[in-house]
Structures are given as C-alpha cells and as structure tokens.
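Undergrad: Sequence below, structure please.
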Amino acid sequence: MILGIVIYALPAGVFASAFVRELRSKSFFDTWNLVAKVPILKTLDALAIGKIVEILEPSEAKVNEIIDANQGMYFIISGVVEITRGDQSRELSEGGFFGEMEILFGGKRNVIAKAKTPVEFLILRPKYFKEFLEAHMVIRDLIKKEIENRSRA
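TA: Predicted coordinates:
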C-alpha cells in the first residue's frame, strides 16, 4: 500500500518541482524584458541585469490608484504617473522613475504619486537601493543628474 502511494506521489512531486522551476524561470525572463525597457538601466551589462532582475519586483497600478512612493524606487515601464508635491505636479511616463528621494533622504515626503493611466513598473526596495547604487556608479550619477534637473524645474 505504501509502495503504491510512493509510486504515485513521486511523479507528482517531480512534476510540481519542475512546474515551480518553470514559473521562476518565466518570471526571471519577464522581468529581464521589463528591465530592458528602462532607459536608465540600459547601461547595465548582462551580469548586472541578471543581478538586478533578482531584486526588482514587477508591479502595476490601475487608473487613479495612489502609489506609495515611500515603498521604493519605481521605474515606469508603461503608462503615466502624476507626481504632486504641494501645489506643483508633473507627469512621468515610460522610462521615468520616482521614489528615490524618499530613500535617499529618508522619512515620508509630501509626495503623491497617482496613476493617470494603467501603469506597469518595477520596484527597487530600500533594502537593496544603496547596495545597487554603490555597485553601479553610472546609474547613481544618472539619478543624481535627474534629481538636480528636477530641483531646477
């Protein structure tokens, strides 16, 4: 009887583990393709992209959904996000990013990020942010330049 259960359970276990492995592989390649759409990340070599794919989280927002900019740095893959600070607002679209100020300067900022259209983005969580920037100086410099441009506008 036990042998019969083992005979049926073993293939099911093998199938299940192969299925999980396939899902992870698909997720990896889906995220890789999304990373390739972000201009600021295009400077990365294949090894660096492979590493960042493991720490970026794909996500999406519906029209009029408020996005918590304190949860990480968001790279917009598609769609439009309205960023409002006080009485000033601007729109960011494909290739844009936000949330870096909250991580760099700490604490909650008075910023509201709202999806104007359906939005797909990748999130870089704060726990990985500093390590990522230290490993990729070119991207750090691009982010710094963008912050300077925003502060002048």
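Undergrad: Please make it C-alpha for all contacts and neighbour counts, starting now.
TA: Noted.
Undergrad: which intervals of this protein have sub-threshold pLDDT?
TA: Along the chain, segments meeting pLDDT under 70 span 1-33, 35-37, 39-40, 105-109, 153.
Undergrad: hey, where'd the strands end up in it?
TA: Assigned by DSSP state E, the strands in the chain fall at 56-61, 66-67, 73-78, 81-85, 88-92, 97-98, 111-115, 119-124.
Undergrad: looking at those strands, which is closest to Lys42?
TA: In terms of C-alpha to C-alpha, the element of the strands of the chain nearest to Lys42 is strand 73-78, at 12.2 Å.
Undergrad: Check what contacts the closest one and list those residues.
TA: 34, 37-38, 92-100, 103, 118-126, 129 (C-alpha atoms under 8 Å, 6 or more residues apart in numbering).
Undergrad: can you rerun that using 10 Å?
TA: 34-41, 56-60, 67-68, 92-104, 117-126, 129 (C-alpha atoms under 10 Å, 6 or more residues apart in numbering).
Undergrad: Need the buried ones from those selected in ChimeraX.
TA: Selecting only the buried entries of those in ChimeraX, with 16 or more other C-alpha atoms under 10 Å as the criterion:
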select :34,35,37,38,40,41,56,58,60,67,92,93,94,95,96,97,98,99,100,101,102,103,117,119,120,121,122,123,124,125,126,129
